[in-house]
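Engineer: Okay, structure incoming, though there's no sequence with it:
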């Protein structure tokens with residue numbers, strides 16, 4: 001169909017096509033130029049406070065020049081993680097390849113729940129590449145999801161079905177227990193609750209220097225077995241969200257294997273140390289022995305939101321936990337209803353976007369080595385920040401293990417004063433459109449925290465940020481909360 005005939009179709013009342021495709025083509029080119037300009041000049045666009053009236057500005061039905069509204073009213077009020085001095089939480093920075101993936105994905109509008117089309121093959125390819133990078137054996141399974149939180153639910157549901165297969169029909173599970181370090185991400189608690197176990201079933205094991213105490217784990221499992229509980233899963237952490245520490249995954253795998261307990265690894269960002277140079281690569285040794293891994297591409301693989309993965313070592317167990325095919329989803333030997341596998345059989349979503357397209361475009365555009373270099377560089381940048389923190393008279397509150405640096409700006413103050421000052425420094429820098437730190441609590445002190453998952457960060461950004469923090473820390477008014 002020609003552009004002109006489409007344009008005529010757009011004149012019909014209620015049409016959802018442009019009235020003039022040539023005008024729309026021009027608008028798209030203008031918008032693409034704006035988007036590229038913002039990516040090229042990401043350093044000029046830090047987070048800024050959105051105006052108080054933004055909800056009314058976005059009111060439905062206002063119409064107008066949509067390109068102008070997008071560039072002037074929408075794009076300026078982003079969350080900041082595209083900026084090279086954004087180190088708050090663990091958020092990826094997004095990639096130019098995402099533009100390509102977004103355009104092609106919008107045009108194709110694929111539903112990757114199943115059926116025989118290219119998006120399914122692409123998801124297969126991305127999952128298999130990740131399986132090999134994580135060291136899992138052939139025959140492993142996976143499904144792309146919104147992120148590690150959803151991946152954790154899928155992994156633990158698979159574990160639950162292996163432990164008690166009849167639960168899928170009968171429900172229950174009150175006697176099951178899950179074990180994790182006491183600083184584990186709250187996605188684990190949410191998953192345990194969503195699976196109907198109740199958060200009292202989550203046994204939080206003490207950590208020692210960021211690692212789960214394996215002897216305490218063994219003792220807790222023995223006690224639970226004696227009390228009539230059924231240990232379901234051990235959750236190992238590859239990159240804790242607060243200080244970036246790693247459990248001894250080989251030690252946890254030994255415990256799980258000896259007692260036939262499922263080993264799940266929360267590798268939201270830290271799993272990607274498998275691509276890094278040593279010594280950081282060895283932090284995740286043992287991850288290949290896991291029964292399941294949850295990880296994100298939108299964190300330390302830098303692709304756009306959202307894109308996570310549940311990786312399961314045993315495909316048959318994975319499918320058994322989720323597959324159900326009503327008549328309207330019947331598969332045929334040929335045609336659009338053919339093809340294997342249907343990803344709706346491996347998770348909770350039937351309607352699914354082509355998340356694999358972002359990962360595939362990124363790897364094809366830049367190559368695996370570029371990601372390995374960026375991840376390695378981020379670890380070195382965290383170490384650089386640690387050196388600068390100490391050379392400027394501030395103090396680390398935990399060793400820098402991977403890509404996270406946590407520190408306090410005035411160690412000479414009381415814990416309460418340190419906490420107040422660190423909070424105010426974080427807020428002040430953000431409101432001034434400067435470096436973005438988040439905060440966490442260590443030893444009763446609210447500390448400044450930088451998580452390096454940003455491919456745009458360069459060393460000079462870190463030098464400037466620490467100078468800014470030091471200048472604010474020396475301002476006595478801030479220490480008094482003024």
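Structural biologist: Here it is on my side, so go on. Keep in mind the model is a prediction, meaning the values are calculated, not measured.
Engineer: May I have the predicted confidence score for the residue lying closest to residue 81 once chain neighbours are set aside?
Structural biologist: Distances taken as CB to CB, 6 or more residues apart in numbering place residue 91 nearest to residue 81, at 4.1 Å, with adjacent residues excluded. All C-beta spots, glycine's among them, are computed from the backbone N, C-alpha and C. On pLDDT, residue 91 comes in at 95.
Engineer: Looks like residue 91 contacts residue 82 (just checking).
Structural biologist: No: applying CB atoms under 8 Å as the test, residue 91 and residue 82 come out as separate, 9.5 Å apart.
Engineer: Tell me the gap between stretch 16-28 and the middle of its chain.
Structural biologist: On the basis of CA atoms, centre = their mean, to the nearest Å, stretch 16-28 sits 36 Å off its chain's mean C-alpha point.
Engineer: Which positions in that stretch come out as buried?
Structural biologist: 18, 20-21, 24, 27 (16 or more other CB atoms under 10 Å).
Engineer: do the same with stretch 147-165
Structural biologist: Across stretch 147-165, burial judged by 16+ other CB under 10 Å covers 147-164.
Engineer: among those, which are in helices?
Structural biologist: Using DSSP state H, the subset of those located in helices is 148-163.
Engineer: What is the burial count for residue 316?
Structural biologist: Using other CB atoms under 10 Å, residue 316 has 11 other residues around it.
Engineer: Next secondary structure after the helix or strand where it lies?
Structural biologist: Using DSSP states H and E, residue 316 sits in helix 315-322. Sequence-wise, the next helix or strand downstream of helix 315-322 (DSSP H and E) is helix 356-366.
Engineer: Next, name the residue at the spatial heart of the protein.
Structural biologist: Nearest to the mean C-alpha position of the chain, by CA atoms, centre = their mean, lies residue 296 at 4.0 Å.
Engineer: residues contacting it?
Structural biologist: 92, 147-148, 268-269, 307-309 (CB atoms under 8 Å, 6 or more residues apart in numbering).
Engineer: For residue 309, give me its contacts.
Structural biologist: Contacts of residue 309 (CB under 8 Å, 6+ apart): 127, 130, 142-145, 151, 293-297.
Engineer: next one: stretch 353-369 to chain centre, how far?
Structural biologist: Averaged C-alpha coordinates place stretch 353-369 at 16 Å from its chain's average position (CA atoms, centre = their mean).
Engineer: Show me what that stretch is in contact with.
Structural biologist: With CB under 8 Å, 6+ apart, stretch 353-369 has contacts from 95-98, 100-102, 104-105, 108, 110-112, 119, 122-123, 125-127, 129, 144-145, 275, 297, 301-304, 306-307, 371.
Engineer: let's go with 7 Å and repeat that
Structural biologist: Under the criterion CB atoms under 7 Å, 6 or more residues apart in numbering, residues 95, 97-98, 100-101, 104-105, 108, 110, 112, 119, 122-123, 125-126, 144, 297, 303-304, 307 lie in contact with stretch 353-369.
Engineer: Pretty sure residue 404 is one of the things residue 397 touches, is it not?
Structural biologist: No: with contacts counted by CB atoms under 7 Å, residue 397 stays clear of residue 404, the gap being 11.3 Å.
Engineer: Give me the more crowded residue out of those two.
Structural biologist: The neighbour count for residue 397 versus residue 404, taken as other CB under 10 Å, is higher for residue 404 (30 against 21).
Engineer: Now the more buried one. Its backbone dihedrals?
Structural biologist: Dihedral pair for residue 404: phi -120, psi 130, per degrees, to the nearest 10.
Engineer: returning to that earlier point: return the distance of the residue nearest to the centre of the chain relative to residue 105.
Structural biologist: Taking CB to CB, to the nearest Å as the measure, residue 296 falls 18 Å from residue 105.
Engineer: residues making contact with the strand or helix carrying residue 470?
Structural biologist: Residue 470 is part of helix 459-473, with elements assigned from DSSP H and E. Residues from elsewhere that reach helix 459-473 (CB under 7 Å, 6+ apart): 84-85, 381, 384-385, 388-389, 392, 394, 409-410, 421, 425, 428-429, 434-435, 448, 478.
Engineer: mind listing what's buried in that helix?
Structural biologist: For helix 459-473, using 16+ other CB under 10 Å, the buried residues are 461-462, 465-466, 468-470, 472-473.
Engineer: Any chance of CSV for these, columns distance to residue 325 and pLDDT?
Structural biologist: Listed next are the buried residues of helix 459-473 as CSV, based on distance: CB to CB, whole Å; pLDDT from 0 to 100:
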residue, distance to residue 325, pLDDT
461, 52, 98
462, 53, 98
465, 53, 98
466, 57, 98
468, 58, 97
469, 57, 97
470, 62, 97
472, 60, 96
473, 61, 96
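Engineer: how does the chain divide up, domain by domain?
Structural biologist: When the chain is parsed with automatic domain parsing, its domains come out as 46-78, 110-366, 368-479.
Engineer: Tell me which of those lies nearest to residue 39.
Structural biologist: Checking those against residue 39 by CB to CB gives domain 368-479 as the closest, at 9.6 Å.
Engineer: quick one: residue 233 is in a strand?
Structural biologist: Yes: counting by DSSP: H, G, I helix; E, B strand; the rest coil, residue 233 falls inside a strand.
Engineer: Count residues in the vicinity of it, would you?
Structural biologist: Residue 233: 27 surrounding residues under other CB under 10 Å.
Engineer: ok, and the closest non-adjacent residue to it?
Structural biologist: Using CB to CB, 6+ apart and skipping residues adjacent in sequence, the residue nearest residue 233 is residue 262, 4.2 Å away.
Engineer: how about that neighbour, what does it touch?
Structural biologist: Here residue 262 is in contact with 159, 162, 232-233, 256, 291 (CB under 7 Å, 6+ apart).
Engineer: For the chain, give me the ranges with low pLDDT.
Structural biologist: Applying pLDDT under 70 to the chain flags residues 1-13, 476-482.
Engineer: quick one, strands of it?
Structural biologist: 141-145, 176-181, 202-205, 207-208, 211-212, 230-237, 262-266, 292-296, 308-312, 395-396, 404-408, 438-442, 445-451 (DSSP state E).
Engineer: So for residue 414, which of these sits nearest?
Structural biologist: Closest to residue 414 of the strands of the chain is strand 445-451 (CB to CB; 9.5 Å).
Engineer: centre of the chain versus the closest one, how much separation?
Structural biologist: 19 Å.
Engineer: try stretch 414-427
Structural biologist: 28 Å.
Engineer: And for stretch 313-322?
Structural biologist: With CA atoms, centre = their mean as the basis, the mean position of stretch 313-322 lies at 23 Å from the chain mean.
Engineer: Next: stretch 111-118.
Structural biologist: Chain-centre distance of stretch 111-118: 24 Å, with CA atoms, centre = their mean.
Engineer: Quick check: buried residues in it?
Structural biologist: 112-116.
Engineer: repeat for stretch 254-265
Structural biologist: Within stretch 254-265, the residues scored as buried using 16+ other CB under 10 Å are 254-256, 261-265.
Engineer: Same question for stretch 352-364.
Structural biologist: Buried residues in stretch 352-364, defined by neighbour count with 16+ other CB under 10 Å: 352-363.
Engineer: One more: stretch 178-186?
Structural biologist: So, applying 16+ other CB under 10 Å, buried residues of stretch 178-186: 178-181, 183-185.
Engineer: Next, work out how far apart the nearest residue to residue 362 once chain neighbours are set aside and residue 369 are.
Structural biologist: Spatially, and ignoring its direct neighbours in sequence, residue 362 is nearest to residue 97 (4.6 Å; CB to CB, 6+ apart). Counting by CB to CB, the gap from residue 97 to residue 369 is 15 Å.
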